[in-house]
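Student: need a 3D model of the following:
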Amino acid sequence: MFEPEPEPRLGAENQQTLDQQLAHRISDLRDEFAKYLARAHATHAELSAILEQPPAEYDSLQNIANQRLAAYDKHVNSKNRPTRNQKPWPNLDNLAADVAQLENFWRVAKTSSGILAFQKLFFWDRSTMLQYKTRGGLSHFGKWARKGALMTGINQNSFSKHFHHATKVDIVAQNGLEWVRVCSSTEKKLLFDLAKLGWQNDSDSDSDDNFGANGTSGPSNIIDDDESLEILRDAHKLARAAKANPLRGCTPRVRFVMTRVASGRVKEIDAILDKIRATGALVQCVGNAPETISFDAALTRMQPGPMPSISQVLNIDYTILRGLVSDISHTECSLQDEQVRQVRESIELEMTEKFLLDVLYPTIASAPMVCTTETFQQLYQVLGLRGSGTEQQRADILFARGGHTKASPENLLAAWRSLSMHPVPGFLQLPIRVVQSKLSENLEKLPEVATKMLDLELYYYSPATKSSAHATRSSFLYGWAHGLTTLTGNGAVSRYQINDRLDQGGLGDGEEGPHFWLLAQMTRVLYGRPRHLWTLPDGENTVDAGTPQNEEAISG
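Tutor: Numbers count the residues shown, from 1 in each chain. Sure thing, here's the model as predicted:
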């Protein structure tokens, strides 16, 4: 449990003993940082080979370990250390306090799970972020990160001056869904900040009835604008940035950890804490913070894991539908010289990682699935061009089409199992519902930047249809407008084109971007028929996908 750090007092008499203790504390921190970083990098790399993970950013912690602690260690173990009768270094007290602050920061990290980043910068105005990137504005933050500096005290004030429309998150935890701010301010410091704003402590009255009433001396009146205190400005910035940076459809939760403040002791401090909670943040103080566990026990919990938070209904794009019906996903397919490159690559991937068993079935689980009419039609157009007979049969099962129009979900699952060598989970929800995309209506629900998504294109081999870009637009915009997670294997669109347009156009305050889950490098192309048996579309002979039997619209 976190306790307020006492003010260090290092005298000359016990100089050598205190130096040794400080050196030991620094060594412990360096060892734990090194063990954690080695495992965290390996764990994230392993997960990213299967699923598209949020980027892990451990550079700040690495810099603290490599530079800041190394400098401390060199300072403490310097041969020029004062003798017993000499005064201690003028800055040795500050050094001890700095190490104590790092220890508190690391204690908080060890109570967190699924850590993805330290000291990460988040903008709530993407256009401002783009300006900083293009004009080199981030060099200020990079300078601090290279020095391994924690953004507290004067550094935080300087940070605020350089980075408008942005805030810093100390620890990005729970695989991106929790933002932790570690606050080392003391009760004395917070009361001093209140005093600078005009608050006067009335020591003659302890009545709560008069607290902040009939005048301007109460802290509840002083902080009515919610922007008067630095800590409250930080709380509001974090809340705004969290809304503008959703992950998998969820707004990250903000957690304030006050390592040197207790609640319920000073009513003025409690008023400040209540204001922080009013922003939606969780506040943990001395006495109610999580118990600190051993480093070995915390190490596993701190590692990033698969991202579990997706919408209750999943929006499926063409690349995932294609992998669902492909013979490569369901049967043993051998490599042939005449096969096109994409087919050979998919077969080689399937030999090392089973797309359905290892990736798709666990991701979908029991969630109902939908896809847009344009996506449905694109799949059938490509199947009509070069799909094999079993691939077309699986598509009919997925959408309860052809001979399966009146089949029950149980019968659809049985038919699906009959065309696959892999076990099929009984919770798989079939059929997939086909929904009308209603592009114009969706655009009305979305931020203005969504209009920049109208030129999205596909970067996979699809000679059968001229409407691939329209299918992509319909899928991503429908999922965005209805708050659904879109499962996709189309990294060129989801990772680059959409993010680029969001950076260029910007999201307004509180506006949320699209929620997609990229299954990294794991989708499968159709095994299909040999090239000489392809049915080439020519004008009106283009394959007609028809109207799906189960087309409907869903709300929300």
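
Student: if I look at I397, how far off is G528?
Tutor: As defined by Cβ to Cβ, to the nearest Å, I397 lies at a distance of 18 Å from G528. C-beta: built from backbone N, CA, C; applies to glycine.

Student: if you count surrounding residues, which of those two has more?
Tutor: Under the neighbour definition other Cβ atoms under 10 Å, I397 and G528 were set side by side, and I397 has more, 26 against 21.

Student: show me which residues of the helix or strand hosting that one are buried.
Tutor: Under the criterion of DSSP states H and E, I397 resides in helix 389-398. Residues of helix 389-398 classed as buried under the neighbour-count rule (16 or more other Cβ atoms under 10 Å) are T390, E391, Q392, Q393, R394, A395, D396, I397, L398.

Student: looking at these, which is nearest L194?
Tutor: Distances from L194 to these, taken as Cβ to Cβ, are shortest for L398 (62.6 Å).

Student: which residues touch the closest one?
Tutor: L321, L324, V325, W416, L430, P431, I432 (Cβ atoms under 8 Å, 6 or more residues apart in numbering).

Student: tabulate those residues (CSV), appending secondary structure and pLDDT.
Tutor: Shown next, in CSV, are those (DSSP: H, G, I helix; E, B strand; the rest coil; pLDDT from 0 to 100):
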residue, secondary structure, pLDDT
L321, helix, 95
L324, helix, 95
V325, helix, 95
W416, helix, 97
L430, coil, 95
P431, coil, 96
I432, coil, 97
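
Student: highest neighbour count among these?
Tutor: L321 leads these on contacts (other Cβ under 10 Å) with 27 neighbours.

Student: name the nearest residue to that one, ignoring sequence neighbours.
Tutor: Leaving aside its sequence neighbours, L321 sits nearest to L379 (Cβ to Cβ, 6 or more residues apart in numbering; 4.9 Å).

Student: surely T167 forms part of a strand?
Tutor: Yes. Assigned with DSSP: H, G, I helix; E, B strand; the rest coil, T167 falls within a strand.

Student: quick check: it touching K120?
Tutor: No. The pair T167 / K120 is not scored as a contact, 9.7 Å apart, by Cβ atoms under 8 Å.

Student: which one of those two has more residues nearby?
Tutor: T167 (27 against 20).

Student: where's the more buried one relative to V449, distance?
Tutor: 21 Å.

Student: again with Y478
Tutor: In terms of Cβ to Cβ, Y478 sits 16 Å off from V449.

Student: tell me the mean pLDDT for the top helix by length along the chain?
Tutor: Longest helix in the chain by number of residues (criterion: DSSP state H): helix 15-48. When pLDDT is averaged along helix 15-48, the result is 79.

Student: next one: stretch 191-201
Tutor: Here the average pLDDT along stretch 191-201 is 79.

Student: list the buried residues in that stretch.
Tutor: L191, D193, L194, W199.

Student: tell me which element the first one is part of?
Tutor: Using DSSP H and E, L191 sits within helix 187-196.

Student: list the helices and strands that helix packs on?
Tutor: helix 230-244, strand 253-262, helix 267-278 (3 or more Cβ pairs under 8 Å, 6 or more residues apart in numbering; DSSP states H and E).

Student: for E291, which of these is the nearest?
Tutor: Evaluated with Cβ to Cβ, these place strand 253-262 nearest to E291, the distance being 13.3 Å.

Student: how about M369, what does it touch?
Tutor: Neighbours of M369 in contact, by Cβ under 8 Å, 6+ apart: V313, L314, N315, I316, Q429, I432, R433.

Student: now the fourth one, nearest residue through space, not along the chain?
Tutor: Among residues not flanking I316 along the chain, C371 sits closest, at 4.6 Å (Cβ to Cβ, 6+ apart).

Student: so how far is A395 from the one you found?
Tutor: 11 Å.

Student: which residues are in contact with both of the two?
Tutor: L321.

Student: nearest to G384 among the buried residues of stretch 191-201?
Tutor: D193 (69.7 Å).

Student: ok, that closest one touching E230?
Tutor: Yes. Judged on Cβ under 8 Å, D193 makes contact with E230 at a distance of 6.9 Å.

Student: got any ranges where the stretch 401-550 of the chain has weak pLDDT?
Tutor: Counting by pLDDT under 70, the stretch 401-550 of the chain shows low-confidence ranges at 455-468, 492, 494-496, 503-510, 520-522, 529-550.

Student: cutoff 80 now
Tutor: 449, 452-470, 491-513, 518-523, 528-550 (pLDDT under 80).

Student: how about the helices in it?
Tutor: 409-418, 439-445, 468-481, 491, 498-505 (DSSP state H, counting those that start in this stretch).

Student: E57 bridge partners, please.
Tutor: A117 (DSSP bridges).

Student: try L282
Tutor: R255.

Student: hmm, back to that, which one of the contacts of M369 is nearest to A241?
Tutor: Distances from A241 to these, taken by Cβ to Cβ, are shortest for N315, at 25.9 Å.

Student: can you tell me the closest non-neighbouring residue to the closest one?
Tutor: G479 (3.8 Å).

Student: number of residues surrounding the one you found?
Tutor: The burial count for G479: 29, using other Cβ under 10 Å.

Student: give me the distance between it and V434.
Tutor: 14 Å.

Student: what of A173?
Tutor: Counting by Cβ to Cβ - A173 and V434 are separated by 38 Å.

Student: residue contacts, the spatially closest residue to M369 that is not a sequence neighbour?
Tutor: The shortest distance from M369 to any non-neighbouring residue, by Cβ to Cβ, 6+ apart, is to I432 (4.5 Å). For I432, the contacting residues are I316, L321, M369, V370, C371, L398, F399, by Cβ under 8 Å, 6+ apart.

Student: same question, D193
Tutor: So D193 contacts L229, E230, I231 (Cβ under 8 Å, 6+ apart).

Student: hmm, back to that, dump the contacts of L398 to TSV, plus distance to G384.
Tutor: Below are these laid out as TSV (distance: Cβ to Cβ, whole Å):
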residue	distance to G384
L321	14
L324	17
V325	13
W416	21
L430	22
P431	20
I432	18
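
Student: going by distance to L383, which of those residues wins?
Tutor: V325 (7.5 Å).

Student: contact partners for the closest one?
Tutor: V325 touches L379, L383, G387, E391, Q392, R394, A395, L398, L526, counting by Cβ under 8 Å, 6+ apart.

Student: just the residues you listed now: which is nearest S334?
Tutor: L526 (15.8 Å).

Student: that closest one touches D327, doesn't it?
Tutor: Yes. With contact defined as Cβ under 8 Å, L526 reaches D327; the gap is 7.5 Å.

Student: burial of Q101, as a residue count?
Tutor: By other Cβ under 10 Å, neighbour count at Q101 equals 18.

Student: in which helix or strand does it reside?
Tutor: helix 92-110.

Student: mind listing what's buried in that helix?
Tutor: Those buried within helix 92-110 under the rule 16+ other Cβ under 10 Å are 92, 95-97, 99-110.

Student: elements contacting that helix?
Tutor: Helix 92-110 sits against helix 15-48, helix 69-76, strand 166-173, strand 178-183, strand 253-262, helix 295-302, with contacts defined as 3+ Cβ pairs under 8 Å, 6+ apart.

Student: let's see it at 7 Å
Tutor: Contacts defined by 3 or more Cβ pairs under 7 Å, 6 or more residues apart in numbering; DSSP states H and E place helix 92-110 against helix 15-48, helix 69-76, strand 178-183, helix 295-302.

Student: pick the most buried one from these.
Tutor: Mean neighbour counts were compared across the helices and strands packed on helix 92-110 using mean count of other Cβ atoms under 10 Å; the top stretch is strand 178-183, at a mean of 24.

Student: so in that sheet, which strands flank that one, and in what orientation?
Tutor: Under the criterion DSSP bridges, strand 178-183 sits next to strand 166-173 (antiparallel), strand 253-262 (parallel) in its sheet.

Student: quick check: angle from the shortest one to helix 295-302?
Tutor: It refers to strand 166-173. Orientation check (axes from the mean of the first three to the mean of the last three Cα atoms, to 10 degrees): strand 166-173 against helix 295-302 gives 120 degrees.
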